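>>> Okay, predicted coordinates and the sequence, questions at the end:
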Amino acid sequence: MPTAPERSNIGVPDSERRLRWVLLGTFTALLGLILVSGAAATRTLREMHRQEQEARRALSQRAQSLSKLYISVEIYNQDIGRYMGEPSEKPDPEVRQQLDRLTSEIGSELNGYPPQRKPGEAAMLKFIDDLYRQHLELYESAIGAAAPPAARGEVLRLRAQLLDGSGQLDAWNGQQLRSSDETLLAEFSRLQASLTGSLAIALGAGLLLVIASMAYILRLERQTRNRYEELAQSRHELEQLSSRLVDAQEEERRSISRELHDEVGQSLGALLVDLGRMSSNLPADGSEIRERLDHMKALAERTVGTVRDIALLLRPSMLDDLGLVAALEWQGREVSRRSEMEVAVESANVSDELPDEYKICVYRLVQEALNNAVRHAKARNAKVRVLGSASGIEIEVSDDGRGFDPQRARGLGILGMEERVKRLGGSLTVQSAPGQGSVVRAELPLPVPAGSTA
Amino acid sequence: MKQLRVMLADDHTLIRAGLRLVIDREPEFTVVGEAADGRQAVALAQSLAPDIVVMDVGMPGLNGIEACRQIRESMPEVQVVMLSMHSDEGYVLRALKAGARAYLLKDSAEADLARAIRAASEGKSFFSPAVGKVLLEDYMRTLERTGGEDSYELLSPREREILQLVAEGKSSKEIANLLNLSVHTVETHRARVMQKLNLRGIPELILYAVRKGIIS
């Protein structure tokens, strides 16, 4: 049987299970990729923000320190100028004091300036440092002595230099700001590039996933179609098989019936004739032998009856001897005789030239329906109607029994009837409800006789 | 005395042998031929022209009823005694419609065959007693279960008389002579009988008579 290996294949094949896992894995990986790149982007952004803040803070600190230094030097310059002041005036001790404080302040600030310096910053610092030293020199030379007018000119020259320096400081500040912006921009474009990359990978993977899924779906669809076709095919085969079984069964019954009738029946018949002849040829005084003979004859007659009944059940010879209608009428009377149910048979336009398989189908259908009516429905009356037409035969068997629910009680009898009717391309309906009797109705289309138009 | 020429038709040799023994016992009968199936029976009857054909209902090829119809159609003077295993009215009626005169059950053929052949040769009907019994039982049961009434009660005494004579195989003219009636009157009575009993044709009338035990 080819069905056994097919059955074991009903489970999912290995390749398919693998494909399913691959699809699931790809999907998970894609999701993971999106999540990871999202998290990375967020982290990078936060980091960039922090760095920028820090850079700005550092920058403003440096700028402040430098500006403070510069301003201190400027004040230093002014104070020196004032200290040297008018020649008539005595140097102001307060100014002197402030100058000393400034001297030490600027010096310590220059010494304590953080050692890591950017090139511009270092230049700026060196410039301030130079100025400071020149001022310090000037101041030291001015202490205790009246300042020469040349020294005052020196102060002015230094002030001019200071003014120059203020421009440089501004320029440096601006440059610092610009360079920090550039760094930020570079960071941004790096982030953008990395995000674009992630997106491209995610899109690519998604596309692959879609293609793979489509392929998977198409394959499933094809498999489903194949399965359906296989199923339909095997159903068809099953139907053919059961129809062959019905044929074989009828054939077998016919041959057994024939055998019974020909061999057993006829031998018994001949025996009966002989027995009868013997008993009538017997001398008048042989009453004991006559009694034995009568007993034997009665036994043989009973046996003939039994054999005949069995043969008829197997193959209703009326179908061959009398045709379908008479056989159905006979059946109706036979059921009436043997049961409590009275059967009426009506028929119209039923041809006696029906093919044998149609006759036997109608006959067995009616037999089964009447059998059900007697055995299960305990009906009192049943009606068989057979109507013939050019295109087919309509059969209806109704009874007044206790009925049943056709949806629930589809016994083997009804299935068997359905099987026979379907085999000839007909249809069967069963109408019944508890307490409502039942109606079995069948329609059999007749084959168009070959050469009927000729 | 003129011997009755009898032909046998049955598909079983044993049965034919048994029948032949029974017939040979009667001095006025002689078996002139044997056929083993329906077609052979028709052909043989046509070539032998026997007085009586004793024929089995169930034969291969052409069944006995069909063979009987063909013989009676081509040779109305040949009478047929039908042998059957069935006492059912379907068989009896069809045998009668096919033109058989007598209907015998095989079980009792040995006892009744001589009487049946004699009756048939005289143009009378004959039925195995068991046949009438079964037909009557069927009739009574149906009446009882369906609550119908026995249509025989509807007939007048004269109509019953005519029913019996017709069933016995007598023609309208014979009946008219017998009862001192005009042929027309007999035929009127006859038509009324058929109508009251809802019968179509002489075979159904004979069957009815057998069922009611009017003839046997």
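Okay, I see it. Numbering: from 1, shown residues only, chains lettered A, B, ... in the order given.
>>> Secondary structure element for A:Val439, which one?
strand A:438-445 (DSSP states H and E).
>>> mind listing what that strand pairs with, with the direction of each?
When pairing is defined by DSSP bridges, strand A:438-445 lines up against strand A:392-399 (antiparallel), strand A:427-432 (antiparallel).
>>> Put the alpha carbons of it into PDB.
The C-alpha trace of strand A:438-445 is given here as PDB (Å, rounded to 0.1, in the frame of the first residue of the first chain):
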ATOM      1  CA  SER A 438     -38.600   9.100   7.000                       C
ATOM      2  CA  VAL A 439     -38.200   9.600   3.300                       C
ATOM      3  CA  VAL A 440     -35.300   8.200   1.300                       C
ATOM      4  CA  ARG A 441     -35.100   9.700  -2.100                       C
ATOM      5  CA  ALA A 442     -32.600   8.900  -4.800                       C
ATOM      6  CA  GLU A 443     -32.100  10.100  -8.400                       C
ATOM      7  CA  LEU A 444     -30.200   8.100 -10.900                       C
ATOM      8  CA  PRO A 445     -29.300   9.600 -14.200                       C
END
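>>> List the buried residues in that strand.
A:438-444 (16 or more other CB atoms under 10 Å in any protein chain shown). Where you see a C-beta, it was placed from the backbone N, CA and C, and this is true even at glycine.
>>> tell me the contacts of the closest residue to A:Leu177 other than its chain neighbours?
Nearest residue to A:Leu177, sequence neighbours excluded (CB to CB, 6 or more residues apart in numbering or on different chains): A:Leu59, at 7.2 Å. Counting by CB atoms under 8 Å, 6 or more residues apart in numbering or on different chains, A:Leu59 makes contact with A:176-177, A:180.
>>> B:Gly169 reaches B:Ser125, doesn't it?
Yes - with contact defined as CB atoms under 8 Å, B:Gly169 counts as touching B:Ser125 (5.9 Å).
>>> more crowded one of the two?
B:Ser125 (21 against 17; other CB atoms under 10 Å in any protein chain shown).
>>> Let me see the ranges of the helices in the chain.
No chain was given, so I picked chain A. A:3-8, A:14-84, A:93-111, A:119-142, A:149-259, A:266-281, A:287-314, A:318-321, A:324-338, A:356-375, A:412-423 (DSSP state H).
>>> my bad, chain B
Using DSSP H, helices in chain B cover B:13-25, B:38-48, B:64-74, B:89-97, B:109-121, B:129-146, B:157-167, B:172-179, B:183-196, B:202-211.
>>> mean pLDDT for the ones you listed: which is lowest?
With a mean of 83, helix B:129-146 has the lowest mean pLDDT of those.
>>> on that earlier part again, what's the most buried one of the helices of chain B?
Ranked by mean neighbour count, the helices of chain B are led by helix B:89-97 with a mean of 24 (mean count of other CB atoms under 10 Å in any protein chain shown).
>>> Identify the residue nearest the closest residue to chain B within the stretch 101-250 of chain A in space, chain neighbours excluded?
When scored by CB to the nearest CB, the stretch 101-250 of chain A has A:Glu250 as its residue closest to chain B, at 17.7 Å. For A:Glu250, ignoring the flanking residues on the chain, the nearest one in space by CB to CB, 6+ apart is A:Ile360 at 5.8 Å.
>>> That neighbour contacts A:Leu319, doesn't it?
Yes - A:Ile360 lies in contact with A:Leu319 (CB under 8 Å); the separation is 6.8 Å.
>>> which parts of chain B sit against chain A?
Counting by CB under 8 Å from any CB of the partner chain, chain B comes close to chain A at B:12, B:14-15, B:17-19, B:21-22, B:25, B:57-58, B:63-65, B:85-86, B:88-91, B:94, B:106-107, B:109-111, B:137-138, B:141-142, B:145-146.
>>> from the contacts of A:Leu59, which is closest to A:Arg254?
A:Ser180 (109.7 Å; CB to CB).
>>> Setting the sequence-adjacent residues aside, check what's closest to that closest one.
Nearest one to A:Ser180, counting by CB to CB, 6+ apart, is A:Ala55 at 5.0 Å.
>>> that older thread, would you mind giving the helices of chain A as TSV with mean pLDDT added?
Output for those, formatted as TSV (pLDDT from 0 to 100):
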stretch	mean pLDDT
helix A:3-8	42
helix A:14-84	82
helix A:93-111	82
helix A:119-142	81
helix A:149-259	85
helix A:266-281	80
helix A:287-314	87
helix A:318-321	82
helix A:324-338	90
helix A:356-375	90
helix A:412-423	82
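>>> Can you check which of those helices gets nearest to A:Pro406?
helix A:412-423 (7.7 Å).
>>> Run through the neighbouring helices and strands of the closest one.
helix A:149-259, helix A:356-375, strand A:427-432, strand A:438-445 (3 or more CB pairs under 8 Å, 6 or more residues apart in numbering or on different chains; DSSP states H and E).
>>> at 7 Å instead, please
Contact here means 3 or more CB pairs under 7 Å, 6 or more residues apart in numbering or on different chains; DSSP states H and E; on that basis helix A:412-423 packs against helix A:149-259, helix A:356-375, strand A:427-432.
>>> Can you say which of these is nearest to A:Lys118?
Here helix A:149-259 is closest among those (CB to CB), at 7.8 Å.
>>> is it possible to export the helices of chain A to a markdown table including distance to B:Lys212?
Formatted as a markdown table, the helices of chain A follow (distance: least, CB to CB, whole Å):
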| stretch | distance to B:Lys212 |
| --- | --- |
| helix A:3-8 | 63 |
| helix A:14-84 | 82 |
| helix A:93-111 | 154 |
| helix A:119-142 | 146 |
| helix A:149-259 | 34 |
| helix A:266-281 | 29 |
| helix A:287-314 | 25 |
| helix A:318-321 | 24 |
| helix A:324-338 | 17 |
| helix A:356-375 | 28 |
| helix A:412-423 | 39 |
